[in-house]
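>>> Predicted structure and sequence below. I'll ask about it afterward.
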Amino acid sequence: MFDIGFSELIVIAVVALIVIGPERLPGVARTVGHLLGRLQRYVNDVKSDINREIQIEELKKMQSDVVSQMKDMEQSVNAQLGSVETSLNESIAAGIGEKSAAASTEGAAPAAAEAPPALAAAPADKPQA
């Protein structure tokens, strides 16, 4: 945090011993230690909060990128699906047109051949009155 060397700390300790006195120096040192500990915890909390906010912002940006890519992919898939559906409908229409054209050129003779034969006689096991 601060750029203080060992010799500077000794000078500070000697001045504190002279100014504060030997009776109150341990209490003051303890209080200063507690205050420095609180300050250090506070600084660490602020750093962690800032890092957390940065991570949240990065995640939000990544989420928006993924959502935009997903929308682009959905549009691409829908476009491909539409083109496949169109070509399939055209193929089906062409197949139906060819089949109806072939049926109309053959005439009505195949339709009569496909009809079931009619029953000519009644069954013999029925009694007649």
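In hand now; what should we look at?

>>> Tell me the spacing between the spatially most central residue of the chain and residue 10.
Geometric centre of the chain, nearest residue: residue 66, 6.2 Å, by Cα atoms, centre = their mean. In this view, residue 66 and residue 10 are 58 Å apart by Cβ to Cβ, to the nearest Å. Yep, even glycine has a C-beta here, placed from its N, CA and C like the rest.

>>> before we move on, what about residue 44?
28 Å.

>>> just residue 95 next, same as before
In terms of Cβ to Cβ, residue 95 sits 100 Å off from residue 10.

>>> give me the low-pLDDT residue ranges for the chain?
Within the chain, the stretches with pLDDT under 70 are 1-2, 107-129.

>>> max-length helix in it?
Ranked by residue count under DSSP state H, the longest helix found in the chain is helix 25-106.

>>> for it, packing partners?
helix 6-20 (3 or more Cβ pairs under 8 Å, 6 or more residues apart in numbering; DSSP states H and E).

>>> distance between the helix it packs on and the chain's centre?
How far helix 6-20 lies from its chain's middle: 60 Å, per Cα atoms, centre = their mean, to the nearest Å.

>>> and what of stretch 90-97?
40 Å.

>>> In PDB, please show the C-alpha coordinates belonging to it.
Once non-C-alpha atoms are left out, stretch 90-97 reads as follows in PDB (Å, rounded to 0.1, in the frame of the first residue of the first chain):
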ATOM      1  CA  GLU A  90     -42.900 -27.900 -56.100                       C
ATOM      2  CA  SER A  91     -41.700 -31.500 -56.300                       C
ATOM      3  CA  ILE A  92     -45.000 -32.800 -55.000                       C
ATOM      4  CA  ALA A  93     -47.000 -30.600 -57.300                       C
ATOM      5  CA  ALA A  94     -44.900 -31.700 -60.300                       C
ATOM      6  CA  GLY A  95     -45.400 -35.400 -59.300                       C
ATOM      7  CA  ILE A  96     -49.200 -34.900 -58.900                       C
ATOM      8  CA  GLY A  97     -49.300 -33.100 -62.300                       C
END
